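Chemist: A predicted structure for the sequence below; I have some questions about it.
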Amino acid sequence: MAEKVEIPVQKWSGRVREVTLGATKEEGGTRTRSVTVGGEATLPFLHFEGELPHPPRIAIEIQDKKPEEWSPLLLKAWEEVIDDPAAWAKKAEERGADLILLRLSLDDAQGEENTPEKAKSTVRRVLAATGLPLLIFGPGQVDKDNELLVAVAEEAAGERVVLGVCEEKNYRTIVAAALAHGHLVDSRTPMDVNLAKQLIILIHDMGLPLDRILMDPSTGALGYGIEYGYSVMERLRLAALHGDTMTQQPILVTPGEEAWRAKEAKVEEGIPEAWGDWEERAIMWETMTATALIEAGADVMVMRHPESVRLVKEAIDKLWVKEG
Amino acid sequence: MSRFIATRAIRGANRIVQEAEDLLEKALAEHGPDTKVTFPNTAYYLPVILGLTGREVATLGDLKPALAQAGSLLHPVPRDQLWTPYLGEALDGGVATLLAEEAIMGIKYALGEQPERLDGYPDLVTAGGEGYCNGPIDDVQLRAWGIQLVDGRMPGFAAIVGAAKSNEVAVKIVRELQMRNILVFLCGNVNGRSIIHQLLEEGVELGYDTYIIPFGTDTISAIYPLGFATRSALTFGGMKGGQAREILLYNKFRVFAFVLALGEVDDLKYATAAGAISYGFPVIADTVIPEILPTGITQYEHVISMPFDDIEGQDDLERAERLVQKCIEVRGVKVKIAEIPIPVPYGSAFEGERVRKDDMRIEFGGKKARALEYLLMRDPDELEDGKIELVGPDFDEVEEGGAMDVGIVVEVGGRKMQKDFEPVLERQIHYFLNAAFGVQHIGQRDIAWIRISKMAADKGFRLKHFGEILYARFKGEPWNSIVDKAQVTLITDPEEMKKWLEAAREAYNERNVRVAGLTDDAVEEFYSCTLCQSFAPTHVCVISPERLGLCGAYNWLDCKAANQINPTGPNQPISKGECLDPEVGRWSGPEEFVYQHSNQSVEHVTMYSIMTDPMTACGCFECMVLVIPEANGVMIVSREDPSMTPAGLTFSTMAGIFGGGLQTPGAMGVGKYYLTSPKFISADGGFKRVVWMSSFLKETMPEEFKAVAEREGVPDLIDRIADERSVTTVEELLPWLEEHDHPALKMPPML
Amino acid sequence: MALTGLDIYKLLPKTNCKECGYPTCLAFAMKLAAKQAELAACPYVTEEAKAQLAAAAVPPIRLVTIGRGERKVEVGNETVLFRHDKSFFHPPGLMVRVTDTQPIDVIEKRAREVADYSVEYVGLELRFDGLAVENASGEASAFASAVERVRETGLPLILISSDPGAMEAALAKSDGTSPLIYAADEENWEAMSELAKRHQAPLAVLASGLEPLVELVEKVRGAGVEDLVLDPGCRGFDDCLVTFTHIRRLALQKNFRPLGFPLIAFPGEGANSPEEEAILAGQHIAKYAGFVVMEDFDPALAYPLLTLRQNIYTDPREPIQVTPGIYEFGKPASDSPLLITTNFSITYFSVANEVEGSGIPSWLLVADSEGLSVLTGWAAGKFDADKIAKTVKSTGIEERVSHRKLTIPGAVAVLSGELEDELPGWEISVGPREAVDLPAYLKIWKP
């Protein structure tokens, strides 16, 4: 007689918090729908073991002006809309985005300094063009981030936008702006479990409720340190499931930005033949970075190429089959 | 609480509630209950009433129950012979006062009598209009300032009530506050004269742009700042109307505001002040009033009296400066220094720079002179924050390339400062001074050695700049979380130097004794260090007074200070909990903590044993201790020693096998000062188990080991311990030990 | 419960004979406990001790080898569910399938392509591992001749047929190469087991569902075959993730012997496109496959997949290192900026990305910090003034730049003085602490 196989089912004492991005009219905003992530009571896609109320979601990254430094492949993919963030957002929605991430630049298309007024107008137009919840990231310079994000937080009051990025060296103003206008924040730390946790605590200490914080532990791209990001995410998720409350935040990662920075995605010339077709490989570089991170526990993935988005969404659909 | 204050506050409260009720009756009669009541450009109804009672007042009629609630909070004025705790009653009165005051302002807005018009001051332009006081701060401005208050760019706000001694003093007080980025709210008067008049007469620009807001010349307009505070809690704290307790606590802990009462304090001011105290805002008066010092409702003192003319100072201006300083101190407002005022570049990029003999203008310490560094804790009241004093001549008279004595004495105070943090802070002096371009710092305590380059001296760098650097850095992040006040004295005068040298040496000695006396049994808490988890995810250092971190960089005191400075950082207190086994050093607290923080992979840990559940090793350990079963003892290999050991493993091989957060019975990474601790593997026989030790250790810590040998009762123990110069294999080790009659050979078997 | 080094030491002869290659029994015991040595190296260990040690040392997932020689593939022997718990040890074999219905030249071409493909990644040669030949024709002779052709590549093979007769013919043509026999099923297990024993080849066992699989495994083991590979019959994203997780957990956490074998996956059968196949293969790499058999081979998909495998199977306890030496960005001239950093891969990548992104031609020296980052390296004495000076002197950079100005990372500013002593004639300037500030720094750099 065969041995009876007893399927091991792990009992987890904790679960990830649910975080809702965006607000519909009933919820005080203007989005056509809001998106809730998190809530996991087990490891990614192990439906048999615990509740997994929400699948991972994809945010397509758009910029307030044509990002000249992006790979030509990306510029080509968004060619008709790349000069107009509103049209870009709309197109991104058509191409399957669940969320739109708008990145503000230091300078506008004319090379002049970006200002709070300009940023507000961009946000206004993007909000009008898409019904998806928005994430808005600053250009990544402390003073400029604070200046622009405070302004756009006011412009988007009530929309439950995710403001980013909060880093240890600069989070207070962004959190304050989120507090003032009912938004969420992205808490980013450099690939370390304890640092991730610590920044969540600091942000929470300022009075922002935990259901308004996404945890962004950063990652490297495929071939550029993805294994660090991957393991840190797995460890964070395990800690969350083991009941460590300050790690129980949904995870946001930016595989698009990371992968498209890699030479493998960016460059056409002067590369080994063994790398194969440029476009195919570049798209796969972003796709594989993203799918690996989903398996490690990512809840929101910020991506860039519409074809990668399609492939990752397909994979998510196939993984999102609940047994029984 | 002083009976005097309570009496007057309660009396003031009774009167203002009555006044509000009368006013409301009249308004109701004349205009009807449906008359709209709103504050312009805000969406919080009457915010104090909304916040504290949950009532959304929109009409005159809505005010009636609000005032009834205020009335219910009133208590009779205490009679002379009655002795009850007045605090609660006075605070109730304060809250009643605020409700009444806001009701009055609401009615006045309904009647078009607010904001207040100030005749004769055409320069007055505010959000309330030309020639008008401001009225409530509008929502847009609330958010803009609120963000800065929350993110810390603005330290807090000051509500000034009354009038200053003179126009000059009024301007000085406001400038001092402005300089520190503190919002200034103005209201009230003394005998008809208000600080608003004083500032306008002196041409001070008021309004949102200058962060100085005139609310009105009566005491009642003090309700607007409190409305601002309430709305901050509703906006930034996510509170709802009616969550009175939460709103008050939010203000206590997050809104750094205080009331500065200038001039005589009447009943209504006392009553309003009692309301402010409920928000956790302390009151500082420049007149004689009874103080309420014991803390509780506010974070620190409740009421401070600093009679203006009694403040130390050369003139009124200096007195005004001190007064503001005191306010800031009482509320615990942290003010940062943006730039260090020294004539050379400053930054960590210059930390490692050398000043060579040829480039040197002068040196302190070294072979030819003495340099002393001494940091000590003082009562904050004894300190003058920012004072930098040079006692004796500067170095201008010393020839180029010469040397002179210097003593650097840093005195710090703060509510979270502890005597135990003195050495931790003192050690920072090295890093702080080294970061100045053209300054080289070596050593510490009374063996410090500092050089200043010719270039730095040519640019004007002088001794007082040491003071500027130290002051700015100790008042900067993260140290300002324990240092509220600091002053620096530079001493070159021989007599003074001698005096301080003695004092410092005595203090060093005391510290040494204190550290020696700090035992694991004497404390309730150990500390964790999880700094290394980025590469050793299961590693948790448990640091106790008698066992420092295995990297050698953190001892128990360091951790304690680090936790105070960064409460969410890698050094967390671990309550010892129940002692499960005193022999091996097993407590329930560390066991639980290590289990939880090692990704639930290390179930047990002991403090004093290498054989039973020893601590994990990350990879940073200064020394590796490994059992040598053949010799019935252990060997200690230091990081600096590259040679082969009797175990057949080099240091780096052992780091590879035992590091990364593993727990390995028989092997343990340690900081070298743990070797000298009485608790060093005390469960396994202690230091007498050491049969082999890298010569580097013997040579760099001879005195320390000598003392250990004495303690262990084998004075020549160190000479009986083999090292790599005589023994590199286990075969050589045994005869060597026998020859030297090593005590471990006669001890009970380890395995 | 794993034995500690001291437990093992107690079972050893304690003679310090050194024949195991270690100077002491304790050193050997500690190495054994860390799974960095084999018990077999000790000639004197008693049978009793051996039994005790072996019981503790039996890997919960059996190590299975296919192929011989340099390109053999070893899979299994995994000890953890998550790589951060220790490491994943044996990267899954990536195989490409051909069928015996394809024209011989197509088969040969594909086989050559796979055999010759190699791509460089941080100084490593990444390659696919082998070929799977499927008996789609149902003919033994076609199968045998296809196998005969691909055998010439020298790559490890998987032979796919449910017909023992065809399998026997193919095995005859691949004798001495230890191919994986795929697969024993409910129908043919007895014959396949015989073949496996006779040819000393590992055997795949195929059954849908865990209980039927366990039942079949027990039968095959009963027939005397121990080198097994399991196919639980799942093919898609979700069922493979769940089933493979069950099997890995049962093997590791419950020490459930019947499932303590490597798994084989066929992502192409659960995918609608080559891209999807590659994505699913990626999942199998991260989540527990021992062999992954691909339908498609395309360098643009192979390279990312190989990189992912390399990354996931990197030992987290040992950082990836890049080769120390001189790296050039843009075409640096003799008066271009010269920077130095460590050979920890993440450090190198962040610096290299920023320098490259700055568009300013530059020289980058990479010091051998043994894979430590700048601060850790400095703290551990692997990136100190001495090491930096040695790197400058030994790389020959002095002949390639005309200036004598070296920029060190801001985090080790403290080394500048000492370095000027070690490198007479050099000016040491302190760069930014964070790599992202490098472009701004390089813009204002002057020789």
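Modeler: That came in fine, so what should we check first?
Chemist: Which segments of chain C make up each domain?
Modeler: C:5-57, C:64-312, C:325-444 (automatic domain parsing).
Chemist: So for chain A, which of those domains sits nearest?
Modeler: With C-beta to the nearest C-beta as the criterion, chain A lies closest to domain C:64-312 of the domains of chain C, at 3.0 Å. In short, each C-beta sits where N, CA and C put it, glycine included.
Chemist: Could you take the domains of chain C and lay them out as TSV, with extra columns for mean pLDDT and mean neighbour count?
Modeler: Shown next, in TSV, are those (pLDDT from 0 to 100; neighbours: other C-beta atoms under 10 Å in any protein chain shown):
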stretch	mean pLDDT	mean neighbour count
domain C:5-57	85	18
domain C:64-312	95	20
domain C:325-444	89	19
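Chemist: For residue B:410, which of those is the nearest?
Modeler: domain C:325-444 (22.5 Å; C-beta to C-beta).
Chemist: Endpoint to endpoint, the closest one covers what distance?
Modeler: 25 Å (C-alpha to C-alpha, to the nearest Å).
Chemist: Run through chain B and note the low-pLDDT ranges.
Modeler: B:1-2, B:78-87, B:293-300, B:333-338, B:534-535 (pLDDT under 70).
Chemist: So in it, which helix runs the longest?
Modeler: Using DSSP state H to define each element, chain B has its longest helix at helix B:3-31.
Chemist: Can you spell out which helices and strands pack onto that one?
Modeler: helix B:60-72, helix B:87-110, helix B:267-278 (3 or more C-beta pairs under 8 Å, 6 or more residues apart in numbering or on different chains; DSSP states H and E).
Chemist: so can I have TSV of the domains of chain C showing distance to residue B:332?
Modeler: Below are these laid out as TSV (distance: least, C-beta to C-beta, whole Å):
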stretch	distance to residue B:332
domain C:5-57	52
domain C:64-312	42
domain C:325-444	32
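Chemist: do you know which of the ones you listed lies nearest residue B:369?
Modeler: Nearest of those (C-beta to C-beta): domain C:325-444, 21.3 Å.
Chemist: Is there proximity between the closest one and chain A?
Modeler: Yes. With C-beta under 8 Å from any C-beta of the partner chain as the measure, domain C:325-444 is seen reaching chain A through C:345-346, C:349, C:353, C:356-357.
Chemist: hmm, back to that, ranking the helices and strands packed on helix B:3-31 by burial, who's on top?
Modeler: helix B:267-278 (a mean of 27; mean count of other C-beta atoms under 10 Å in any protein chain shown).
Chemist: packing partners for it?
Modeler: helix B:3-31, helix B:87-110, strand B:157-162, helix B:223-236, strand B:257-262, strand B:283-285.
Chemist: what's the distance between the nearest residue to residue B:104 once chain neighbours are set aside and residue A:287?
Modeler: The spatial neighbour of residue B:104 that comes closest, neighbours along the chain excluded (C-beta to C-beta, 6 or more residues apart in numbering or on different chains), is residue B:20 at 5.0 Å. Note on residue B:20: its distance to residue A:287, by C-beta to C-beta, to the nearest Å, is 69 Å.
Chemist: For the lowest-mean-pLDDT helix or strand in chain A, list every residue counted as buried.
Modeler: None of the helices or strands of chain A scores lower by mean pLDDT, DSSP states H and E than helix A:263-266, at a mean of 88. Using 16 or more other C-beta atoms under 10 Å in any protein chain shown as the test for burial, helix A:263-266 gives A:264-266.
Chemist: Tabulate these (CSV), appending distance to residue B:254.
Modeler: Output for these, formatted as CSV (distance: C-beta to C-beta, whole Å):
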residue, distance to residue B:254
A:264, 48
A:265, 45
A:266, 46
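Chemist: now, which of the residues you listed sits nearest residue B:711?
Modeler: Taking the buried residues of helix A:263-266 together and measuring to residue B:711 by C-beta to C-beta, the closest member is residue A:264, at 62.4 Å.
Chemist: The closest one and residue A:280 touch, don't they?
Modeler: No. Counting by C-beta atoms under 8 Å, residue A:264 sits too far from residue A:280 to count as a contact (11.4 Å).
Chemist: Which helix or strand lies directly C-terminal to the biggest helix by length in chain A?
Modeler: Longest helix of chain A, by residue count under DSSP H: helix A:278-296. Counting by DSSP states H and E, the element after helix A:278-296 in chain order, helix or strand, is strand A:300-303.
Chemist: And for that following strand, what's in contact with it?
Modeler: A:21, A:37, A:56-61, A:99, A:101, A:135, A:214, A:250-257, A:286, A:290, A:293-294, A:309, A:312 (C-beta atoms under 8 Å, 6 or more residues apart in numbering or on different chains).
Chemist: Got a quick ChimeraX command for the buried subset of these?
Modeler: Buried residues within the contacts of strand A:300-303, by 16+ other C-beta under 10 Å, are selected in ChimeraX with:
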select /A:21,37,56,57,58,59,60,61,99,101,135,214,250,251,252,253,254,255,256,257,286,290,293,294,309,312
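Chemist: Can you pick out the ones from the contacts of strand A:300-303 that are in helices?
Modeler: Reading helices off the contacts of strand A:300-303 with DSSP H, I get A:255-257, A:286, A:290, A:293-294, A:309, A:312.
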